[in-house]
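[1] Here is the input, now give the coordinates:
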Amino acid sequence: MFGRIVIVALALALLLSIVARAGHSAGPERRYVVRGGDTLWAIALREYGGDPREAVWEIRTRNDLQGTTVQPGQVLILPAG
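    Model (predicted):
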């Protein structure tokens, strides 16, 4: 009986983690116009919070950026987060 409860609890936890992860990336992308003094790191911190490394990578990937330099007036697509 205890084994079944543990298995059901683990299955529910796995299902919940899958649903929660899918919800994290859901939502529309946004456009962001780079302002003077902006960096990808600063944009990632301001728009996503937490550790900005993954957000910087996602912004670079989504916008096909070769480096981390951005220019004022440049329009970036910010992935849902």
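[2] burial of residue 3, as a residue count?
    Using other C-beta atoms under 10 Å, residue 3 has 7 neighbouring residues. (Each C-beta comes from the backbone N, C-alpha and C, glycine too.)
[3] show me where pLDDT drops low in the protein?
    Where the chain drops to pLDDT under 70, the residues are 6, 9-10, 12-27.
[4] For it, just list every one of the strands.
    30-33, 75-78 (DSSP state E).
[5] Comparing the ones you listed, which stretch has the densest surroundings?
    Among those, strand 75-78 has the highest mean neighbour count (mean count of other C-beta atoms under 10 Å), at a mean of 15.
[6] quick one: contacts for the nearest residue to residue 38 once chain neighbours are set aside?
    Nearest residue to residue 38 in three dimensions, chain neighbours excluded: residue 70, at 6.1 Å (C-beta to C-beta, 6 or more residues apart in numbering). If a contact means C-beta atoms under 8 Å, 6 or more residues apart in numbering, then residue 70 has 34, 38-40, 43, 76 as its contacts.
[7] Could you dump those residues into TSV and include distance to residue 66?
    Shown next, in TSV, are the contacts of residue 70 (distance: C-beta to C-beta, whole Å):
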residue	distance to residue 66
34	16
38	17
39	15
40	12
43	17
76	14
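[8] from those, which two are the most distant?
    The most widely separated members of the contacts of residue 70, counting by C-beta to C-beta, are 39 and 76 (11.7 Å).
[9] what sits against the residue lying closest to residue 58 once chain neighbours are set aside?
    Nearest residue to residue 58 in three dimensions, chain neighbours excluded: residue 79, at 4.8 Å (C-beta to C-beta, 6+ apart). Taking C-beta under 8 Å, 6+ apart as the contact definition, residue 79 lies against 25, 29, 58-59, 62.
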